[in-house]
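**Q** sharing a model that was predicted from the sequence below.
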Amino acid sequence: MRRMPTERDLSESYPPVLLHELPLRAAANWPQNEALTAGEVRLSYRDLGEAVSNLASGLNQIGLTRGSRVAVFLEKRVEAVVASFGVTAAGGVLVPVNPLLKAAQVVHILHDAGVQVLVTSASRLCVLLPALSACPSLKHVVCCDDLTGVQSEAFDVHAWSDVLAGTPRLLPQGLETDVAAIFYTSGSTGQPKGVVLSHRNLVAGATSVASYLHNRPDDTLLAVLPLSFDAGFSQLTTAFLVGARVVLLNHLLPRDVLLAMVKERVTGLTAVPALYMQLAALNWPADAAQHLRYWACTGGRMPRATLDRLRQVAPDAQPFLMYGLTEAFRSTFLPPSEVDRRPDSIGKAIPNADIRVLRPDGTECAVDEPGELVHRGPLVALGYWRRPEETALRFREVPDGLRSTAEEGCRAEIAVFSGDTVRRDAEGFLYFVARRDEMIKTSGYRVSPTEVEEAIHASGLVNEVLAVGVPHAVLGQVILVAAVAARDEDTDGLLAHCKSNLPAYMVPAGVHWHAQALPRNANGKLDRARWKAEWEQAAGKNNDETL
C-alpha cells in the first residue's frame, strides 16, 4: 500500500505508468492549466488531481476492492472524467457506458461485467431501477446530483459529494499490466462484448497518439465522441499527458460542434466519418477553423468528397486519417503530407505498433494482395471479458515467420487479428478494403461496400450513404443503397453516375432515400447491420417490397 504519488514522484521527467497518473502528473507539472471545460464549469489540473485522489479514497471507504468493476453511466461532464480516473486510482476497473444506451443495453453491460459500483445521475438511475434486479453484483450506486426519492433495498445509494469528502487514506499499489478498463464494443451483431485493457494499453496509446498529433499544453481538444468509445476516451488521455485542455461537448446538432469550435478556440478535433459528413454539409462560421491546428478521423473510411470539403473550410488545419479497432485502440495513421498523394490510404503503423498484412496461413501478403490486418505491440488488448473462445479466435500467437531469431524459446507474443481486409502498396502504405463480414458477394465477385459508398459520395448527390448486400436468387447478392440526398432525391442521376464509374456488378440494384440521418450505432458510426436488419424486416412484412 502507498499514498498517492507526490508532485516529486510525478515530475515531468518521469513518464506515467498507470492510467490515473496522467491527470495526477499533469496536476504536478501544470497545476494552473485549465484541464476541463464543461459548459460554464472550468476545472484546473490542480483541482482535477485533487478530485481524482479524493474520489479514490471515498470509493475505497465504501468498500471498493482491487479489481472491482465500476461503471460510469453519465453524459460528458466533469464527474464522468473524475470518476474514470478515480476508479483506477482506487484499484478498481473502469467500465464506461455510453450515455445513449437504453436501460436493457446498460443492464446487459452491468451484468456481463459484474459491476459492483455504478456512478450515474439520479435521473438515469430512476430509468434503470426497474431492471437492476438483473444485476445481483451491484452493491453501491454513487449519484452525482439530487438524491430525493432515490432508494433501493438491493444496493446502497451515496451522494457524490459525500464520497468525494472521504478521509484521505492509503491506496492500492498498481502495476501497468493490471486491468484498467473494460470497453464494450458497439455490438452491431449480437450483444456488446467487453474488451479488456491494461494500464499499459491505455498509457501507451496516449503516448503514441500524442506524439504524432504533436499535442502540447496550449492545445484545446473538443471531445465530441462518447467517452465510452476508445477514440473518445483518448481525447482525455492524450490531453492529460501533455497538460492540454479538453472541452466536453454533449451536442444535439452538428452546428453545435462548429459553435463550440468558435467559442472555445479549438485546436484539435477528432470525430468519425458520419459526423464529418454532417459538418461538411454546413456553412461554417468564418472563425470556426481559425484556431484549428488539426482534425483527425477514425472509425471508418473518410469519403473523398467530405475530405475535400473539410480541407476547403479548414485550409490551415492538418488532416489525420486514422484506422483503429477497440482491440488495439489505434493501428495506423496517414501523415498530412501524404493526403494529396494517397487520400484513400489509412497510412502506416502508429508509433510503437507493428502492422502486418497476412494470408490465412500466417505468411505475409505481396504488394497489393488483400489480406488480414494484424496488429502487434503494447497496444494489443488483453482479450474479451469472460469470452475465452472468442478471445482465442481474435487474439492469437504471432506467426513463427514474423518472430525474430532472438525471440525463439521465449514466451509467445499475442497479436490481434482484426478481421479487416487491407492491402499494402509498394511504398508500405495501407488501404482498407472491407470487414470480412461486410463483404458483398455478387455475380461471383467480392465487393467492398466502402468502395461503392466512396463512388456514390463522389457524385455529390448524397450527404450520407450505406451500401449492403441483400439476397438474390440468381446473383447470390445484389447491392442495395440507403442514402440521404444532398439536395433533391435523384435516383436516375445517382445510378447513371454509378454506371459511369463502377463495373456493372458494383452498380446498386436500388436506392432507398431517407429524409433524416441514417441509423448510427452507439459510437456515432453509420450502422450497416442495423439498416439492413430494418430493411429486411420491412421487406418481410410487405410482399410488394422491391429492390
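**A** Yep, that arrived.
**Q** alpha carbons only for contacts and neighbour counts from here, please
**A** Fine.
**Q** tell me where the stretch 51-200 of the chain has strands.
**A** 69-73, 93-96, 117-120, 140-143, 156-159, 179-184, 194-198 (DSSP state E, counting those that start in this stretch).
**Q** other residues contacting the fifth one?
**A** So that's strand 156-159. Strand 156-159 has contacts (C-alpha atoms under 8 Å, 6 or more residues apart in numbering) with 139-145, 147, 150-151.
**Q** do the second one as well
**A** Taking contacts as C-alpha under 8 Å, 6+ apart, the residues outside strand 93-96 that touch it are 67-73, 84, 87-88, 113, 179-184, 227-228.
**Q** list the contacts for G39?
**A** Counting by C-alpha under 8 Å, 6+ apart, G39 makes contact with 248-249.
**Q** what about it, distance to V195?
**A** 31 Å (C-alpha to C-alpha, to the nearest Å).
**Q** then P508?
**A** 36 Å.
**Q** what kind of secondary structure is D47 in?
**A** helix (DSSP: H, G, I helix; E, B strand; the rest coil).
**Q** that one: how many residues sit nearby?
**A** 16 (other C-alpha atoms under 10 Å).
**Q** quick one, phi psi at V416?
**A** phi -110, psi 130 (degrees, to the nearest 10).
**Q** pLDDT wise, what is the closest residue to it other than its chain neighbours at?
**A** Spatial nearest neighbour of V416, chain neighbours left out: F395 (4.6 Å); criterion: C-alpha to C-alpha, 6 or more residues apart in numbering. Confidence at F395, expressed as pLDDT, is 97.
**Q** contact partners for F395?
**A** 383, 414-417.
**Q** lowest mean pLDDT among the helices and strands of the protein, which one is it?
**A** strand 445-447 (a mean of 73; mean pLDDT, DSSP states H and E).
**Q** any idea which helix or strand comes after that strand?
**A** Note on strand 445-447: by DSSP states H and E, the next helix or strand toward the C-terminus is helix 449-457.
**Q** check which residues of that next one are buried.
**A** 449-457 (16 or more other C-alpha atoms under 10 Å).
**Q** what do you get for stretch 124-142?
**A** Neighbour-count burial for stretch 124-142 flags 124-125, 128, 132, 135, 137-142 (criterion: 16+ other C-alpha under 10 Å).
**Q** before we move on, what about stretch 533-543?
**A** For stretch 533-543, a neighbour-count test (16+ other C-alpha under 10 Å) marks W535 as buried.
**Q** quick one: mean pLDDT for it?
**A** Averaged across stretch 533-543, pLDDT comes to 76.
**Q** by neighbour count, which of the contacts of F395 wins?
**A** Neighbour max across the contacts of F395 (other C-alpha under 10 Å) = V416, 27 neighbours.
**Q** ok, that one touching P378?
**A** No - contact criterion C-alpha atoms under 8 Å: V416 and P378 do not qualify, at 11.0 Å.
**Q** mind saving the C-alpha coords of the helix or strand hosting R25 as CSV?
**A** According to DSSP H and E, R25 maps onto helix 21-29. Taking Å, rounded to 0.1, in the frame of the first residue of the first chain, the C-alpha atoms of helix 21-29 are listed here in CSV:
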residue,chain,number,x,y,z
GLU,A,21,-1.1,9.0,-13.2
LEU,A,22,-2.0,11.0,-16.4
PRO,A,23,-4.1,13.7,-14.6
LEU,A,24,-2.1,13.4,-11.3
ARG,A,25,1.2,14.1,-13.2
ALA,A,26,-0.4,16.9,-15.1
ALA,A,27,-1.6,18.4,-11.7
ALA,A,28,2.0,18.3,-10.5
ASN,A,29,3.5,19.8,-13.7
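**Q** now it: average pLDDT?
**A** Mean pLDDT, computed over helix 21-29, is 96.
**Q** who are the packing partners of that helix?
**A** Here helix 21-29 touches helix 45-61, helix 230-242, going by 3 or more C-alpha pairs under 8 Å, 6 or more residues apart in numbering; DSSP states H and E.
**Q** now distance to N215 and mean pLDDT too, for the ones you listed, in CSV please.
**A** Output for those, formatted as CSV (distance: least, C-alpha to C-alpha, whole Å; pLDDT from 0 to 100):
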stretch, distance to N215, mean pLDDT
helix 45-61, 17, 96
helix 230-242, 7, 97
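**Q** can you name the element that comes right after the helix holding R25?
**A** Taking DSSP H and E, what comes next after helix 21-29 is strand 34-38.
**Q** need the contact partners of that following strand.
**A** By C-alpha under 8 Å, 6+ apart, strand 34-38 touches 42-45, 48, 76-78, 240, 243-249.
**Q** so where's the stretch 301-450 of the chain uncertain?
**A** 404-409, 444-446 (pLDDT under 70).
**Q** how about the strands in it?
**A** Using DSSP E, counting those that start in this stretch, strands in the stretch 301-450 of the chain cover 318-323, 332-334, 348-349, 354-358, 371-376, 383-384, 395-397, 414-424, 430-435, 440-442, 445-447.
**Q** list the contacts of the third one.
**A** This means strand 348-349. Residues from elsewhere that reach strand 348-349 (C-alpha under 8 Å, 6+ apart): 331-334, 355, 428-430.
**Q** gap between it and the chain center?
**A** From the chain centre to the centre of strand 348-349 is a distance of 18 Å (C-alpha atoms, centre = their mean, to the nearest Å).
**Q** neighbouring strands of it in the sheet, and parallel or not?
**A** Partner strands and pairing direction for strand 348-349 (DSSP bridges) are strand 332-334 (antiparallel).
**Q** how far out from the middle of the chain is the strand it pairs with?
**A** On C-alpha atoms, centre = their mean, the centre of strand 332-334 falls 15 Å from the chain's centre.
**Q** list the buried residues of that strand.
**A** Quick answer for strand 332-334 (16+ other C-alpha under 10 Å): 332-334.
**Q** and the contacts of that strand?
**A** 320-324, 345-350, 355.
**Q** give me that answer again for 7 Å
**A** By C-alpha atoms under 7 Å, 6 or more residues apart in numbering, the residues outside strand 332-334 that reach it are 320-324, 345-350.
**Q** next, format those residues as CSV and append distance to Y276 and neighbour count.
**A** Shown next, in CSV, are the contacts of strand 332-334 (distance: C-alpha to C-alpha, whole Å; neighbours: other C-alpha atoms under 10 Å):
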residue, distance to Y276, neighbour count
F320, 13, 23
L321, 12, 26
M322, 14, 26
Y323, 15, 25
G324, 17, 20
S345, 17, 25
I346, 17, 28
G347, 19, 26
K348, 22, 22
A349, 23, 21
I350, 22, 21
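**Q** hmm, H291 is touching R265, no?
**A** Yes - here H291 reaches R265: they are 5.6 Å apart, a contact under C-alpha atoms under 7 Å.
**Q** quick check: end-to-end length of stretch 440-452?
**A** By C-alpha to C-alpha, the extent of stretch 440-452 from end to end equals 10 Å.
**Q** mind checking how far it is from the chain centre?
**A** Offset of stretch 440-452 from its chain centre (C-alpha atoms, centre = their mean): 27 Å.
**Q** returning to what we had before: a markdown table please, covering the strands of the stretch 301-450 of the chain and showing distance to Q61.
**A** Shown next, in a markdown table, are the strands of the stretch 301-450 of the chain (distance: least, C-alpha to C-alpha, whole Å):
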| stretch | distance to Q61 |
| --- | --- |
| strand 318-323 | 41 |
| strand 332-334 | 42 |
| strand 348-349 | 43 |
| strand 354-358 | 42 |
| strand 371-376 | 39 |
| strand 383-384 | 30 |
| strand 395-397 | 37 |
| strand 414-424 | 38 |
| strand 430-435 | 46 |
| strand 440-442 | 54 |
| strand 445-447 | 56 |
